[in-house]
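# Generate coordinates for the sequence data below:
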Amino acid sequence: MQEEHFITMGRRIRLRRKELGLTQNKLAELLEISNNHLSAIENGREKPSLEKFIILCELLKTTPDFLLLGILHTCNVSQNISDNLRLCDAEDIKLAGQIVELLVARNQKCWNRDVNSSV
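Below is the predicted model of the structure:
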């Protein structure tokens, strides 16, 4: 992976950490690494070990695909939903996207509560 990929991955880590309301110090503590090491990861100067990367995904409640590539695969979406969306027009897809955004916003309260309760 080239250097710019690690910089981009670090930005995604920082963004997700902030979305969950975690400080850099707290996430570093949960990962059992120094704040300086986490800062270096978020700035693309260091690479997390595979073990820490897996734990990072769990703590940030995201997938490796998102942190590495910026995409979320639909592997946890039923095939029926995916197939039905293919039958929708552009306006319906836009509406479905807005509904999903509302669901995510509603669930972020739970994610933040989960993280803060384990803190």
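# CA atoms for contacts and neighbours, from now on please.
Fine.
# Quickly list the domain ranges of the protein.
Following automatic domain parsing, the chain resolves into domains at 1-73, 74-119.
# Could you look over those domains and pick the most buried one?
Neighbour counts (mean count of other Cα atoms under 10 Å) averaged over each of the domains of the chain peak at domain 1-73, with a mean of 16.
# follow-up on the earlier one: going by mean pLDDT, which of the domains of the chain comes out lowest?
Mean pLDDT values for these show the minimum at domain 74-119, a mean of 75.
# Tell me who's in contact with E4.
For E4, the contacting residues are G44, by Cα atoms under 8 Å, 6 or more residues apart in numbering.
# Quick one: classify it as helix, strand or coil.
When classified by DSSP: H, G, I helix; E, B strand; the rest coil, E4 comes out as helix.
# R45 now?
Under the three-state scheme (three-state DSSP), R45 adopts coil.
# Hmm, it is touching H5, no?
No - if you go by Cα atoms under 8 Å, R45 and H5 don't touch, sitting 10.8 Å apart.
# Secondary structure element holding the most centrally placed residue in the chain?
With distances taken as Cα atoms, centre = their mean, T62 lies nearest the centre of the chain, 3.7 Å away. Per DSSP states H and E, T62 falls between elements, in no helix or strand.
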